[in-house]
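Novice: here is a sequence with its predicted model. Questions after.
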Amino acid sequence: ERKLNDLLYFNHSAAYQELKTSEKSSAQDFYHYQEGWEAQVTQSYCAVATSAAALNSLRGKIDLPQDEIYIPYRWATQNALLLNEQVKQHIFNVQKTKRLYVGLGLSMAASLLNYNLNGQGYMAEAHSVDPTTFEKDETIKMIKKALLDDKMRVVINYDRGGIGQGPYGH
């Protein structure tokens, strides 16, 4: 039997079993939100893939970017986000960094989201949690408040080493 504090990886059959047998609305939310997920184009584009997923979770509430492969349907993809001329000019130029394996930092990811959310009633905020000044209760309170509001989304970027998943990645 799994303990509450044990990590449960997405690709583990127990994770899907929990979703299938759960009566909580969070299980239903999972299936709705995961429709907007896609694999990262490169290992360094985790923030871009996550941004596309966050935007897609707001489908029906905002105008999504248009990727020509999905015309006439609007769907946020990594390509649609990164190949936008305004994004290349002001936030991140993927063509200049193609072989450098450079990703987006916290503030750049928020800027990428806000470029697409601007004027649509939503705004992305970046909150850095410094381990030397970390206020666990305040952070948990902020996350819970956001999770209870169906107009909000939470994206968490963390250091895998800090939770026992090896020395690299986040």
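Specialist: Perfect, I can see it now.

Novice: for the rest of this, base every contact and every neighbour count on C-alpha atoms.
Specialist: OK.

Novice: residues near Ile69, how many?
Specialist: Residues within reach of Ile69, counting by other Cα atoms under 10 Å, total 11.

Novice: walking through the chain, point out its helices one by one.
Specialist: 13-21, 25-34, 46-56, 78-82, 85-90, 106-117, 136-147 (DSSP state H).

Novice: so of those helices, which one's packed in deepest?
Specialist: Comparing the helices of the chain by mean neighbour count (mean count of other Cα atoms under 10 Å), helix 46-56 ranks first with a mean of 23.

Novice: what sits against Leu58?
Specialist: Not one residue lies near Leu58 by Cα atoms under 8 Å, 6 or more residues apart in numbering.

Novice: can you tell me which of the helices of the chain the model trusts least?
Specialist: Lowest mean pLDDT of these: helix 25-34, a mean of 68.

Novice: tell me the contacts of the most centrally placed residue in the chain?
Specialist: The chain has Thr50 as the residue nearest its centroid, 2.9 Å off, counting by Cα atoms, centre = their mean. The neighbours of Thr50, taking Cα under 8 Å, 6+ apart as the test, are Trp37, Val155.

Novice: could you report the neighbour count for Gly121?
Specialist: Based on other Cα under 10 Å, the number of other residues close to Gly121 is 9.

Novice: cool, and the one 4 residues further on?
Specialist: When neighbours are defined as other Cα under 10 Å, Glu125 has 14 of them.

Novice: correct me if wrong: it contacts Met108.
Specialist: No. With contact defined as Cα atoms under 8 Å, Glu125 and Met108 do not form a contacting pair (10.8 Å).

Novice: can you tell me how far Val129 is from Leu148?
Specialist: 21 Å (Cα to Cα, to the nearest Å).

Novice: more neighbours: those two, which one.
Specialist: Val129 (13 against 10).

Novice: what's the distance between Thr21 and Leu83?
Specialist: Thr21 is 41 Å from Leu83, by Cα to Cα.
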